[in-house]
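>>> Quick one, what's the 3D model for this:
(4 chains)
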Protein chains: 2
Amino acid sequence: MKKIEQRLTENGVRPTAMRLLIYKYLAEKEVAISLTDIEAAFAKAERTTLYRTLRTFEEKKIVHQIDDGTGIQKYALCEPGCDCNLEQDLHLHFHCNNCDETVCLTEHKIPHINLPEGFVAEDANLVLKGICDKCSGQ
Amino acid sequence: MKKIEQRLTENGVRPTAMRLLIYKYLAEKEVAISLTDIEAAFAKAERTTLYRTLRTFEEKKIVHQIDDGTGIQKYALCEPGCDCNLEQDLHLHFHCNNCDETVCLTEHKIPHINLPEGFVAEDANLVLKGICDKCSGQ
DNA sequence: CTGACCTATGCAACGGAAGTGCATTATTGT
DNA sequence: ACAATAATGCACTTCCGTTGCATAGGTCAG
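Numbering: from 1, shown residues only, chains lettered A, B, ... in the order given. The predicted model follows:
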């Protein structure tokens, strides 16, 4: 828990009780988490607080937002030291059509694409959909 | 207009007046279109009709849905003869952060990705974001 | 220690977009 | 022309993201 506190402080986020819990929750889960997921996990907490916490975490590069094509915004902890905006840190995500979970494949970077004349890429998002390892093994 | 009628019929969609107009609208625009866009263009038409028309078009492989990361579903005409579900027909999309338009780069297919053991990909979505050719030229 | 200040939290409400149920109107085939 | 089927229109609902404002809690200067 001390480590989490330190991590938050380093990134300029005041380590309140709620924030520590949310961070802990994100760290335990190994999949991308939606606001609704967290809301369900912390029944007592206010939707807005959770919402703003995630937003703060995102601004301070503690989590990155994931658009997995479900239309629901999800979040996952950033790797320590990663800068989510750099092309080299853009990894792909895998969404399982069976269990409906989305995982970061941090080892798989998005390949560089040669765009037509005039197009300048600043960001990229690649989501693969199918059956994940847990579900295909059954 | 006769051609459009034929195209719809071939794909098993009854060519009603509304549908022909929507198809024509999609054909003229060279960017991905949202429900709201169409709604604005056909002020007289019912939202639901437009919604269901797009859905029907999608089912019958006349348009493909595009998730460009804005959280708004968009649609664009399929290339004739394409099967949007086949890996070989999966192209990437470019979303301009300046004009907020999304275009299909049908020539640019999504590169094949080698996934870890146990993952089976069925579909893929790649969106690049940045400045498009029209906006960068100014 | 204490008051002023800033930040985080809680509460209420809004707004956009997707989606559904049902009645009505148009089309098709016999 | 009629029955069957499909499309359209209207009224709602739900879900999620988002914002405004009041309150509570932590921080810092004096």
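
>>> Is the nearest residue to A:Ile38 once chain neighbours are set aside within a helix or a strand, and which one?
Nearest non-adjacent residue to A:Ile38, counting by CB to CB, 6 or more residues apart in numbering or on different chains: A:Leu50, 5.0 Å away. Quick note: C-beta positions are derived from backbone N, CA and C, even for glycine. Assessed by DSSP states H and E, A:Leu50 sits inside helix A:47-59.

>>> Identify each buried residue in that helix, please.
A:Leu50, A:Thr53, A:Leu54, A:Thr56, A:Phe57, A:Glu58 (16 or more other CB atoms under 10 Å in any protein chain shown).

>>> For the residues you listed, could you give me CSV that also reports distance to B:Cys82?
Converted to CSV, the buried residues of helix A:47-59 look like this (distance: CB to CB, whole Å):
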residue, distance to B:Cys82
A:Leu50, 42
A:Thr53, 43
A:Leu54, 38
A:Thr56, 43
A:Phe57, 40
A:Glu58, 36
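
>>> for those, which one is nearest chain B?
For the buried residues of helix A:47-59, the closest approach to chain B (CB to the nearest CB) belongs to A:Glu58, at 14.6 Å.

>>> For that closest one, give me its contacts.
Counting by CB atoms under 8 Å, 6 or more residues apart in numbering or on different chains, A:Glu58 touches A:His64, A:Gln65, A:Tyr75.

>>> And A:Gln65, by the same measure?
A:Glu58, A:Gln73, A:Lys74, A:Tyr75.

>>> try 7 Å this time
A:Glu58, A:Gln73, A:Tyr75 (CB atoms under 7 Å, 6 or more residues apart in numbering or on different chains).

>>> now swap in A:Leu77 and tell me
So A:Leu77 contacts A:Leu26, A:Ala27, A:Ile62, A:Val63 (CB under 7 Å, 6+ apart).

>>> Now do the same contact list for the first one.
It stands for A:Leu26. A:Ile33, A:Val63, A:Tyr75, A:Ala76, A:Leu77.

>>> Can you lay out these as CSV showing distance to DNA strand D and secondary structure?
Listed next are the contacts of A:Leu26 as CSV, based on distance: CB to the nearest atom of the strand, whole Å; DSSP: H, G, I helix; E, B strand; the rest coil:
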residue, distance to DNA strand D, secondary structure
A:Ile33, 11, strand
A:Val63, 13, strand
A:Tyr75, 9, strand
A:Ala76, 14, strand
A:Leu77, 17, strand
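
>>> Among the residues you listed, which one lies nearest to B:Cys82?
A:Ala76 (33.1 Å; CB to CB).

>>> And the pLDDT for the closest one?
For A:Ala76, the pLDDT comes out at 96.

>>> cool, and the one 5 residues further on?
Note on A:Gly81: pLDDT of 72.

>>> Could you measure from it over to B:Pro116?
23 Å (CB to CB, to the nearest Å).

>>> again with A:Glu59
31 Å.

>>> Just the element for the residue in chain A sticking out farthest from the centre, please.
In chain A, the residue that sits farthest from the middle, by CA atoms, centre = their mean, is A:Glu117; the gap is 32.3 Å. Here A:Glu117, judged by DSSP H and E, is contained in no helix and no strand.

>>> quick one on the thing from earlier: need the buried residues of helix A:47-59 in JSON lines with pLDDT, can you?
Below are those laid out as JSON lines (pLDDT from 0 to 100):
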{"residue": "A:Leu50", "pLDDT": "98"}
{"residue": "A:Thr53", "pLDDT": "98"}
{"residue": "A:Leu54", "pLDDT": "98"}
{"residue": "A:Thr56", "pLDDT": "97"}
{"residue": "A:Phe57", "pLDDT": "97"}
{"residue": "A:Glu58", "pLDDT": "96"}
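
>>> I'm done for today, thanks for sticking with me.
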